[in-house]
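K.L.:
heads up, no residue letters with this:
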């Protein structure tokens with residue numbers, strides 16, 4: 001296994017879905033690029049109209065080749081976009097490819113999207129990455145309120161609780177006292193949800209310092 005796979009507990013064949021806001025597309029493409037550099041073959045797609053990866057022509061279903069990250073879509077749309085796959089209609093099986101990364105929500109620029117009745121997470125998802133940007137913190141929203149928004153009915157952490165591998169990615173960790181904020185949010189999540197709750201692993205993320213760990217939520221409330 002590569003360093004990235006060990007860190008994120010990824011295994012070839014995984015379908016990784018990203019929800020939330022704060023830079024999903026950027027981080028998903030960064031993860032695809034990193035896995036490709038480590039010798040993996042990765043497909044990047046979405047459940048909504050999306051732009052193809054920089055430097056690529058808009059392909060449909062890519063043919064298996066050597067290591068690399070490739071965009072997949074049912075077809076092009078007007079305006080230079082690509083159509084997304086319906087959540088229950090992802091390309092498969094991953095013949096010749098190691099990972100399928102799926103952008104499964106349009107946050108419309110929000111770093112901390114509001115609660116939603118449903119989110120188009122593909123049923124075939126094996127790993128869920130919920131993202132929220134730390135730039136949403138401020139005078140009107142403290143760390144405890146931030147955690148409360150994540151845990152509220154319809155919040156990001158109420159999605160696909162059946163999955164064993166779930167991550168909360170606290171994005172935009174550069175430019176703030178991010179480690180302290182991340183630890184406060186983590187403690188607030190444990191306090192609000194209760195020590196017996198199944199909370200995801202919490203990671204700080206940024207484009208420059210790709211995936212720095214903050215800690216793991218555990219029944220004892222440890223950071």
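P.N.:
Okay, I see it. Just so you know, these numbers come straight off a predicted model, no measurement behind them.
K.L.:
In the protein, what helix or strand scores lowest on average pLDDT?
P.N.:
Least confident helix or strand of the chain, by mean pLDDT, DSSP states H and E, is strand 212-216 with a mean of 48.
K.L.:
can you list contacts of the helix or strand hosting residue 5?
P.N.:
If you go by DSSP states H and E, residue 5 is part of helix 3-8. Contact partners of helix 3-8, identified using Cβ atoms under 8 Å, 6 or more residues apart in numbering, comprise 10-11, 31, 34-35, 38, 127, 167, 211, 213. To be clear about C-beta, it is placed using only N, CA and C from the backbone, and glycine gets the same treatment.
K.L.:
Selecting buried members of these in ChimeraX, what would you type?
P.N.:
Typed into ChimeraX, the line below selects the buried ones among the contacts of helix 3-8, using 16 or more other Cβ atoms under 10 Å:
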select :10,31,34,35,127,167,211
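K.L.:
And the longest helix anywhere in the chain, what does it pack against?
P.N.:
Taking DSSP state H as the criterion, the chain has its longest helix at helix 178-193. Contacts defined by 3 or more Cβ pairs under 8 Å, 6 or more residues apart in numbering; DSSP states H and E place helix 178-193 against helix 143-151, strand 165-171, strand 201-204, strand 212-216.
K.L.:
For it, could you pull out the residues that count as buried?
P.N.:
178, 181-190, 193.
K.L.:
Sort out which one of these lies nearest residue 71 for me.
P.N.:
Using Cβ to Cβ, residue 178 comes nearest to residue 71 of the buried residues of helix 178-193, at 30.4 Å.
K.L.:
what number of residues lie near residue 89?
P.N.:
12 (other Cβ atoms under 10 Å).
K.L.:
Could I get the pLDDT score of the spatially closest residue to residue 144 that is not a sequence neighbour?
P.N.:
Nearest residue to residue 144, sequence neighbours excluded (Cβ to Cβ, 6 or more residues apart in numbering): residue 188, at 4.5 Å. As predicted, residue 188 sits at a pLDDT of 95.
K.L.:
quick one: contacts for residue 188?
P.N.:
143-144, 146-148.
K.L.:
before we move on, what about residue 193?
P.N.:
Residue 193 makes contact with 151, 199 under the criterion Cβ under 8 Å, 6+ apart.
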